[in-house]
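Undergrad: okay, structure incoming, though there's no sequence with it:
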């Protein structure tokens, strides 16, 4: 019997997307409490860490600080919060002052109706560097945080000592065409209203499914971390803020295109997961960064800091130490 194309696509979509979500739901209800019961629990800080708030660039920004020494700013991606860096902070804090903010709209930072383009996020981080370091800092960015760090390096190069970009794609180089090997989630996240409607009440399941799909080591991002991320994204406006980082990608690509022919003079380290972006990040940076170091975490997907923590921390520390 001949199957109609529309029916085939619907069934394929259900199998690829809804199936894993339902599986994640079944697992999560057996091993973890509800999001509502988690909301009153404070996330454990890294050893010696403090939680702080600052009014910068017109918003209230939350960040966690630990350690002493040269300042290193750690910028998380989607669907994470500052908590993604907790173990990294404990590893690096003996030699550095590590600062991990919740990006605008995420975690305990202020949710704003606009400002999720990476030019604005870069301005937030520029102001944070002034607040915590006075003038300059090392900057490490993963995923959306990496895109913002890239913008910061071009727009405010005087603020960055050394730049580390982790398994992210330069704005404008993302493959959003699912029919040609691109990732389907770009279009879904960028659509107005629809992703909020379809993930409402299922935030934890959706986030868990995405994290597992993008990981090579499927157990590297702990269940406790996923619950910590999800309780914030499930708060009022949380998922919208997260999706707005994707909705701003068109504007981000236009800004990145305007950097054509410009150079990044600071030392740059590109870290890719072999099963993540691989060499694509370094390839995109090679014409811009005259002092570029590129490394690949072989047994890692997108979440290199969690999937290959020893490799990641060793590479970052070796690069940042004079």
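TA: Everything's here; your move. Note that the coordinates shown come from a computational prediction; the quantities given were computed from them, not determined experimentally.
Undergrad: and the helices in the stretch 1-150 of the chain?
TA: Applying DSSP state H, counting those that start in this stretch to the stretch 1-150 of the chain gives helices spanning 5-13, 19-31, 35-38, 86-92, 118-133, 144-155.
Undergrad: kindly apply the preceding question to the stretch 151-300 of the chain instead.
TA: Under the criterion DSSP H, counting those that start in this stretch, helices of the stretch 151-300 of the chain are mapped to 185-190, 194-199, 203-214, 223-233, 238-247, 249-257, 280-285.
Undergrad: where in the protein is pLDDT low?
TA: Segments of the chain classed as low confidence (criterion: pLDDT under 70) are 1-41.
Undergrad: what residue lies at the spatial centre of it?
TA: Using CA atoms, centre = their mean, the residue of the chain that lies closest to the mean C-alpha position is residue 77, 0.9 Å off.
Undergrad: for that one, what are its contacts?
TA: Residues in contact with residue 77 (CB atoms under 8 Å, 6 or more residues apart in numbering) are 84, 141, 142, 143, 144, 145, 146, 168. Every C-beta, even on glycine, is put in place using the N, C-alpha and C of the backbone.
Undergrad: just residue 150 next, same as before
TA: For residue 150, counting by CB under 8 Å, 6+ apart, the contacting residues are 118, 141, 163, 165, 168, 170, 171, 256.
Undergrad: distance of it from residue 302?
TA: Plainly put, residue 150 is 17 Å away from residue 302 if you go by CB to CB, to the nearest Å.
Undergrad: how much space separates the closest residue to residue 126 other than its chain neighbours from residue 150?
TA: Distances taken as CB to CB, 6 or more residues apart in numbering put residue 156 closest to residue 126, at 4.7 Å, once the chain neighbours are dropped. Relative to residue 150, residue 156 is positioned 12 Å away (CB to CB).
Undergrad: next one: residue 221
TA: The gap separating residue 221 from residue 150 is 23 Å, by CB to CB.
Undergrad: just residue 90 next, same as before
TA: 27 Å.
Undergrad: what do you get for residue 222?
TA: With distances defined as CB to CB, the gap from residue 222 to residue 150 amounts to 28 Å.
Undergrad: circling back to that earlier point, neighbour-wise, which one of the contacts of residue 77 leads?
TA: Of all the contacts of residue 77, the most densely surrounded is residue 145 (31 neighbours; neighbours counted as other CB atoms under 10 Å).
Undergrad: correct me, but it touches residue 81?
TA: No: between residue 145 and residue 81 no contact is recorded; they are 10.8 Å apart, counting by CB atoms under 8 Å.
Undergrad: kindly reformat the contacts of residue 150 as TSV containing distance to residue 213.
TA: Compiled in TSV, the contacts of residue 150 are given as follows (distance: CB to CB, whole Å):
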residue	distance to residue 213
118	24
141	21
163	28
165	22
168	17
170	22
171	22
256	26
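Undergrad: closest one of those to residue 210?
TA: When these are compared for distance to residue 210, the smallest value, 15.4 Å, is given by residue 168; criterion: CB to CB.
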